[in-house]
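Asker: Predicted model, plus sequence, below.
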Amino acid sequence: MSVNNLNIRRLLKEDIDKPSKELSIYLLGKILVRKLEGDTILKGRIVETESYLGGEDKASNTYNGRRTAANEPMYMPAGTTFVYMTYGMYHCINISSKEPGAAVLLRALEPLSGIEAMQKFRAQKMKSKKNEIKTSKLCDGPSKLCISMNITKQNLNKVDVTDPENREIWLEDDPEFEKENIKIVHTSRIGIASAGVEWASKPLRFYILNNDSVSKRDKVAEEDFHSDVDTS
DNA sequence: AGTCCGATTCGCT
DNA sequence: GCGAATCGGACTA
């Protein structure tokens, strides 16, 4: 085992047991690990997240306290996966947070290990399998990362990623990753216009500035980080 | 039982 | 940049 691996540790319940917004930011830089049958390991650094709150949040599946069999994982203890199908053909994965009815949507990963397998999963699902996908484009969207990591509602909904016995999916800390050296952009969430401007515009999406795997950059929000260089 | 609609992605214009 | 693909589940009656 390499020296680097000695400091890597799985995240536990106590690490994840945070309110949705706080957890969204905490998870940036952490590593999502997926172990396939045959022991292939896929890893990706979380570089973009979104927070979904309960109750008031019109964009949330749990808006107004709605509670059904389908959204039950959002009410379960922090660290529970909530995988749902969207547009009849894609999946999105969330990690439930401390508050009942709230969760964090994983929107993008920077692929670190198992790139070959990710390429294979993505190619399977596409019509034109001609050209190879750029590594940074393998997981640059909530459904793309589910395809690349073979995450579906059938296989990984409602499981505890903080369970030390979980051999399929978990989170790891990366001691090499210097969180103090990155900039985190706070901006509006994607694809929720029908929730109305008030909730659609709230800054509940978070991503690592200048990371190539981020799904959609917000140039305006990014200006906050270089306003002193502005020449206008 | 029937209708409506996405927390998206891809392929083509 | 735009429209199609595609289906589970919430909601209506």
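Answerer: Nice, thanks for sending it over.
Asker: ok, the longest helix along chain A near DNA strand B or not?
Answerer: Among the segments of chain A that qualify as a helix by DSSP state H, the longest is helix A:115-125. Yes. Judged by CB under 7 Å from any atom of the strand, helix A:115-125 comes into contact with DNA strand B at A:R122, A:K125. Any C-beta I mention is one placed from the backbone N, CA and C, and that applies to glycine too.
Asker: list the helices and strands that helix packs on?
Answerer: helix A:142-148 (3 or more CB pairs under 8 Å, 6 or more residues apart in numbering; DSSP states H and E).
Asker: Please list all residues in contact with A:S136.
Answerer: Residues in contact with A:S136 (CB atoms under 8 Å, 6 or more residues apart in numbering) are A:E110, A:P111, A:D212, A:S213.
Asker: ok, it to A:E110 distance?
Answerer: As judged by CB to CB, to the nearest Å, A:S136 and A:E110 stand 7 Å apart.
Asker: returning to what we had before: export the contacts of A:S136 to TSV and tack on pLDDT and neighbour count?
Answerer: Formatted as TSV, the contacts of A:S136 follow (pLDDT from 0 to 100; neighbours: other CB atoms under 10 Å):
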residue	pLDDT	neighbour count
A:E110	98	22
A:P111	98	23
A:D212	98	13
A:S213	98	26
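Asker: Looking at these, which is nearest DNA strand B?
Answerer: A:S213 (11.4 Å; CB to the nearest atom of the strand).
Asker: Chain A against DNA strand C: which residues are in contact?
Answerer: Close to DNA strand C, as judged by CB under 7 Å from any atom of the strand, chain A has residues A:R66, A:T68, A:A69, A:A70, A:N71, A:M85, A:Y87, A:G88, A:M89, A:K153.
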